[in-house]
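Visitor: A structural model of the following input is requested.
(2 chains)
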There are 2 protein chains.
Amino acid sequence: MSEARIWHGGDLDEARRLFPQAPEPWIDLSTGINPIAYPVPILPASLFERLPSPADHRDLEEAAAAAYDATDATAVVAAPGTQVLISLLPRLRPRSRVAILGPAYAEHAHAWRGAGHDVTEVEAPDRLDGADVVVVVNPNNPDGRLLKREALFRHAEELRPQGGLLVVDEAFADFDAGESLVPVLPGNAVVLRSFGKSYGLAGLRIGFALAPAQMAARLRSALGPWAVSGPAIEAGRRALRDWQWLQAAKSARADDARRLDRLLSPVAEAPLRGTILYRLLETRQAPELFQYLGRRGIWVRRFQYNPHLLRFGLPRMETDWQRLEEGLDGFSQDQKVPELQSSPKEKPRPV
Amino acid sequence: MSEARIWHGGDLDEARRLFPQAPEPWIDLSTGINPIAYPVPILPASLFERLPSPADHRDLEEAAAAAYDATDATAVVAAPGTQVLISLLPRLRPRSRVAILGPAYAEHAHAWRGAGHDVTEVEAPDRLDGADVVVVVNPNNPDGRLLKREALFRHAEELRPQGGLLVVDEAFADFDAGESLVPVLPGNAVVLRSFGKSYGLAGLRIGFALAPAQMAARLRSALGPWAVSGPAIEAGRRALRDWQWLQAAKSARADDARRLDRLLSPVAEAPLRGTILYRLLETRQAPELFQYLGRRGIWVRRFQYNPHLLRFGLPRMETDWQRLEEGLDGFSQDQKVPELQSSPKEKPRPV
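Guide: Residues are numbered from 1 along each chain as shown, chains lettered A, B, ... in the order given. Just a heads-up that it's a prediction; the model follows:
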């Protein structure tokens, strides 16, 4: 599978290609990024001009260690986004049998396969046994499935005898950290934490690996010094230390997620799932709904492996909420047209 | 050799540790970064908040291809700085014999050794024969040695039969691109180009590899999508298309380099060398001069392999130039003190 063929959220160029007649501005609900960003501080020119200092880079890692409740700040490796860590990890191990609890964020399987490993995607945690490397996204993207910390710990224990590795991608754990493995990190586990999603600053590119000392050293060495930009270090360390902002954001986004569920539930054929930052809708009409919303400039996330799923991020502005509500209402109304057609007095609405 | 032990320019924390009594602000001449930066455009919040789009990332690579005179834009891989490319390249090859034309930027040898290759540093180009991988920094850092394009081409030819690779780090070629290998890139050569040095925006983290298709694909895959931040993509593509700015900067910095040579020549025991962005001073008094300037808040670059070398970047402001001139004058005067001591009427100056 080539990289270009993995579908990702956030690509409005693709939206405009598919729906050239859609009204601008697009409402991008295709990502799981907090639409209300942490306010970027004023960034002095020196952050753009000078190489980031090792002390400032270290300080970002210490801010992350505190925010994620890590016991050992030296185990935190800052990177320009989690993605590069996902891409690098498979290159640090000899050829292994890799089991990924899926369906999950597609880049994991892509990266391990691309590096020559034998990859299996399994749908149930009890089928993860027998692998050398186990990859779990927790909470999972897109369905929000959450494994308990104890279960993760057990997987790490089972992998230990054969020198196996547990990879836990906690990209969406900031708002739901109860099962995070970070505070009790086993010696053969790596946790990935994203910065950009919960803080709404995905363009800055910051991500972290929390890893045992030797693996942390290998990741640092593969990235080299200065992989994280000066502006990212400055904004990132401030945001990570702003605990109050995170708590307020969590509360506000949880309200948004409930509001989104209310809008989606008339169309849903299964319980809505996900995290605070995205909701997964299951309906056989997903392809039609994708088209319907797309023509109205609303871009949501579909999935190659299941055409009946659509993932919705949170709208940002009240006008976006209203456009989404109108879109969903209109779709529901139009779906009733076939019934109305049986009455000779009613003209079918144009679809 | 651990990473922490490679000396780099630009770390004022280290300067303050070594010279706690030095006056602030420090004048940092320890890097080869243009002190007059390209003016960063106003960066809309969306660049920080949204994931960079694949089209914008591609556009940055196309801007680089045009700026560097590449024949094939698909061969250009953008990264968050050249350093991560230096760190990744050795991981894309089986164990090889690597010859580095040195002394050069220390991270090359560090990265190839760290990935398990057999590394030799040779001082003359004719001693590069017999290796599987040849690494040349051109123009070289710190001494400015410049290999002709024809010589590089010959090395690539010699490497071809055994599947060897030529790596040319053109970090300082923007202002002196006459011998750049980019326009005639051989099929078994990789060229690295830095953005931050000539444009004075090292904190943004942008670098490029120009590589044959297969290697470009492997580098892209190791970095994953979104490795370059939104602000970096936006500022970078504008700057790379601003040819007039680069020409004006080249002319102004060349004047600065000549002015710097005039200040350094009284202390020099060998011809001053380097590039437009740094000058290499050779003198047996280098350790004393390093201390003398350090105590006066002027931070220059010394080298582990030769205590008689100091590298000077360009001062930014006229007041910086004056402090440097006073520092160098004062040092020259003080060096004459031993002679003066023979005269009983003169009191030696305090050092």
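
Visitor: what segments of the stretch 201-350 of chain A are helices?
Guide: With helices called from DSSP state H, counting those that start in this stretch, the stretch 201-350 of chain A shows them at A:213-223, A:230-240, A:243-264, A:286-295, A:318-335, A:337-341.

Visitor: just name the most buried of these.
Guide: Greatest average neighbour count among the helices of the stretch 201-350 of chain A goes to helix A:230-240 (a mean of 25), per mean count of other C-beta atoms under 10 Å in any protein chain shown. The way it works is simple: take the backbone N, C-alpha and C, and place the C-beta from them, glycine included.

Visitor: just the CA atoms of that helix, as CSV, please.
Guide: Only the C-alpha atoms of helix A:230-240 are listed here, as CSV (Å, rounded to 0.1, in the frame of the first residue of the first chain):
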residue,chain,number,x,y,z
GLY,A,230,11.8,26.8,18.3
PRO,A,231,8.2,28.0,18.0
ALA,A,232,6.9,24.5,18.8
ILE,A,233,9.2,24.2,21.9
GLU,A,234,8.0,27.5,23.2
ALA,A,235,4.3,27.1,22.6
GLY,A,236,4.4,23.4,23.6
ARG,A,237,6.0,23.8,27.0
ARG,A,238,3.7,26.6,28.0
ALA,A,239,0.6,24.7,26.9
LEU,A,240,1.7,21.5,28.7
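
Visitor: that helix near chain B anywhere?
Guide: Yes - under the criterion of C-beta under 8 Å from any C-beta of the partner chain, chain B is reached by helix A:230-240 at A:230-232, A:235.

Visitor: and which of those is nearest B:A211?
Guide: Of all the residues of helix A:230-240 next to chain B, B:A211 sits closest to A:A232, with 26.0 Å by C-beta to C-beta.

Visitor: Provide a list of residues in contact with the closest one.
Guide: Contacts for A:A232 were tallied using C-beta atoms under 8 Å, 6 or more residues apart in numbering or on different chains; they are A:80, A:204-206, B:229.

Visitor: same check on A:R296?
Guide: Listed by C-beta under 8 Å, 6+ apart, the contact set of A:R296 reads A:22-23, A:323, A:326-327, A:330.

Visitor: now do A:A249
Guide: A:34, A:36, A:38, A:175, A:198.

Visitor: same check on A:D11?
Guide: Going by C-beta under 8 Å, 6+ apart, A:D11 touches A:30, B:53-54.

Visitor: about what we covered before: could I get the contacts of A:A249 as a markdown table with pLDDT, secondary structure and distance to chain B?
Guide: Below are the contacts of A:A249 laid out as a markdown table (pLDDT from 0 to 100; DSSP: H, G, I helix; E, B strand; the rest coil; distance: C-beta to the nearest C-beta, whole Å):
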| residue | pLDDT | secondary structure | distance to chain B |
| --- | --- | --- | --- |
| A:N34 | 98 | coil | 9 |
| A:I36 | 97 | coil | 9 |
| A:Y38 | 98 | coil | 9 |
| A:F175 | 95 | coil | 17 |
| A:S198 | 97 | coil | 12 |
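
Visitor: still on that earlier bit, which one of the contacts of A:D11 sits in the busiest neighbourhood?
Guide: Among these, A:S30 has the most neighbours (other C-beta atoms under 10 Å in any protein chain shown), with 26 neighbours.

Visitor: and it, what pLDDT?
Guide: Per-residue confidence (pLDDT) for A:S30: 96.

Visitor: any idea how far the closest residue in space to it that isn't next to it in sequence lies from A:I36?
Guide: Spatial nearest neighbour of A:S30, excluding adjacent residues (C-beta to C-beta, 6 or more residues apart in numbering or on different chains): A:G9 at 3.7 Å. In this view, A:G9 and A:I36 are 17 Å apart by C-beta to C-beta, to the nearest Å.

Visitor: so those two - more neighbours on which side?
Guide: A:G9 (22 against 16).

Visitor: who are the neighbours in contact with the more buried one?
Guide: A:28, A:30-32, A:301, A:311, A:313, B:51.

Visitor: helix/strand/coil for it?
Guide: Under DSSP: H, G, I helix; E, B strand; the rest coil, A:G9 falls in the coil class.

Visitor: ok, A:R193 next?
Guide: What three-state DSSP gives for A:R193 is strand.

Visitor: quick check: A:L51 touching B:G10?
Guide: Yes - applying C-beta atoms under 8 Å, one finds A:L51 in contact with B:G10, separated by 4.2 Å.

Visitor: so how far does stretch A:258-270 reach from one end to the other?
Guide: End-to-end span of stretch A:258-270 (C-alpha to C-alpha, to the nearest Å): 16 Å.

Visitor: what do you get for stretch A:218-236?
Guide: One end of stretch A:218-236 to the other measures 23 Å (C-alpha to C-alpha).

Visitor: likewise stretch A:38-55?
Guide: Distance across stretch A:38-55, first residue to last, is 23 Å (C-alpha to C-alpha).

Visitor: kindly report the same for stretch A:97-106.
Guide: With C-alpha to C-alpha as the measure, the first residue of stretch A:97-106 is 17 Å from its last.
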